[in-house]
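Colleague: Whatever this is, show me its structure:
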Amino acid sequence: MTVGIPRSSAGARGVALSMDDADGAAASDVAADSEMAAAVPVEAQRRGSWLLGEWPLTLVIAVTGVGLAVIAMHHFRWGSLAIAGGTFGAAVLRMLLPTRRVGLLAVRSRFVDVVTMAGIGIALTVLVLITKT
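Modeller: Predicted coordinates for the structure are as follows:
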């Protein structure tokens, strides 16, 4: 029986422990195994690209912030409608953009995300419209 230790915890080279001996203490280096030594290419991130890379989430947060500022100016209905619009916008962005481009708006599957955000937007809009000011 051979037990392998992944490269991340074994250092630069993978290590396998062989239990075929009577002592059970022999250790030998293993060659690069496709499962144990798979190289994953990682793209280098540029500074300042996070904000541009997460533009859908940045846009939704900006619209929500505007809505909160409008509420702070004692315009509850308009501010809440702005927040509901931001939530609908998040649902539309999640529905139209590919998963790799939507960034942190992707939490679960596309269907679950869109239905959840659209449902929150509808509920907030209904609450705003039935609330007396």
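Colleague: hey, let's count contacts and neighbours off CA atoms from now on
Modeller: Will do.
Colleague: On the pLDDT front, check the closest residue in space to Leu104 that isn't next to it in sequence for me.
Modeller: Take Leu104 and drop its neighbours on the chain: the residue closest to it by CA to CA, 6 or more residues apart in numbering is Leu57, 6.5 Å away. Leu57 carries a pLDDT value of 93.
Colleague: just Gly53 next, same as before
Modeller: Gly53 is assigned a pLDDT of 74 by the prediction.
Colleague: do Arg101 as well
Modeller: The model's pLDDT for Arg101 equals 89.
Colleague: separation between it and Leu93?
Modeller: With distances taken as CA to CA, to the nearest Å, Arg101 is found 10 Å from Leu93.
Colleague: Could you break this structure into its assigned domains?
Modeller: Residue ranges for the domains of the chain, per automatic domain parsing: 1-42, 49-130.
Colleague: I'd say the residue nearest to Leu104 and Ala106 touch.
Modeller: No. Counting by CA atoms under 8 Å, Leu57 stays clear of Ala106, with 9.7 Å between them.
Colleague: Spit out the contact partners of Phe88.
Modeller: Phe88 is in contact with 117-118, 121, counting by CA atoms under 8 Å, 6 or more residues apart in numbering.
Colleague: okay, those in a markdown table with neighbour count and pLDDT next?
Modeller: Shown next, in a markdown table, are these (neighbours: other CA atoms under 10 Å; pLDDT from 0 to 100):
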| residue | neighbour count | pLDDT |
| --- | --- | --- |
| Met117 | 21 | 97 |
| Ala118 | 20 | 97 |
| Gly121 | 22 | 96 |
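Colleague: Output these in JSON lines; the columns should cover secondary structure.
Modeller: JSON lines is the format used below for the contacts of Phe88 (DSSP: H, G, I helix; E, B strand; the rest coil):
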{"residue": "Met117", "secondary structure": "helix"}
{"residue": "Ala118", "secondary structure": "helix"}
{"residue": "Gly121", "secondary structure": "helix"}
